[in-house]
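*Asks:* Here is a sequence with its predicted model. Questions after.
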Amino acid sequence: MESIESKVTSRGRVSIPARIRRKLGLSTGAKIEWCRRGDELIVRRASKYSSLDIHQAVFTRRPASKSVEDMDAGIRFHVKRNPARG
């Protein structure tokens, strides 16, 4: 594994070496994750989208509320249409 050193400033800031930025495709505003594994620190590029971003993209509007009776009727309809095979 390649090892490159960086210094931590008095304000807790760390510069990421240019070679690492290029390899990870990091540019201004990019997010990175800091993960601790035992006594090791792992730094990696953060996912572009959070699970909340994905959820909001998939579920753009809240589904209409259904009564228990409506849900039961829907289940009966689908069971009759697609009976389980034994």
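*Replies:* Yep, that arrived.
*Asks:* Surely Leu24 touches Val43?
*Replies:* No - Leu24 is beyond contact range of Val43, at 9.0 Å (criterion: C-beta atoms under 8 Å). The C-beta positions use only the backbone N, C-alpha and C, and glycine is treated the same way.
*Asks:* residues shared between the contacts of these two?
*Replies:* Common neighbours of Leu24 and Val43 (criterion: C-beta atoms under 8 Å, 6 or more residues apart in numbering): Ile32.
*Asks:* Quick check: buried residues in the helix or strand of the chain with the lowest mean pLDDT?
*Replies:* Every helix and strand of the chain was ranked by mean pLDDT, DSSP states H and E. The lowest is helix 51-58, at a mean of 82. Within helix 51-58, no residue is scored as buried using 16 or more other C-beta atoms under 10 Å.
*Asks:* centre of the chain versus that helix, how much separation?
*Replies:* 9 Å (C-alpha atoms, centre = their mean, to the nearest Å).
*Asks:* Can you name the next helix or strand after it?
*Replies:* helix 68-81 (DSSP states H and E).
*Asks:* contacts for that following helix?
*Replies:* With contacts defined as C-beta under 8 Å, 6+ apart, helix 68-81 is touched by Lys66.
*Asks:* Please renumber the chain so that the first residue is 57 from this point on.
*Replies:* Renumbered: residue one is now 57, and that last one reads helix 124-137.
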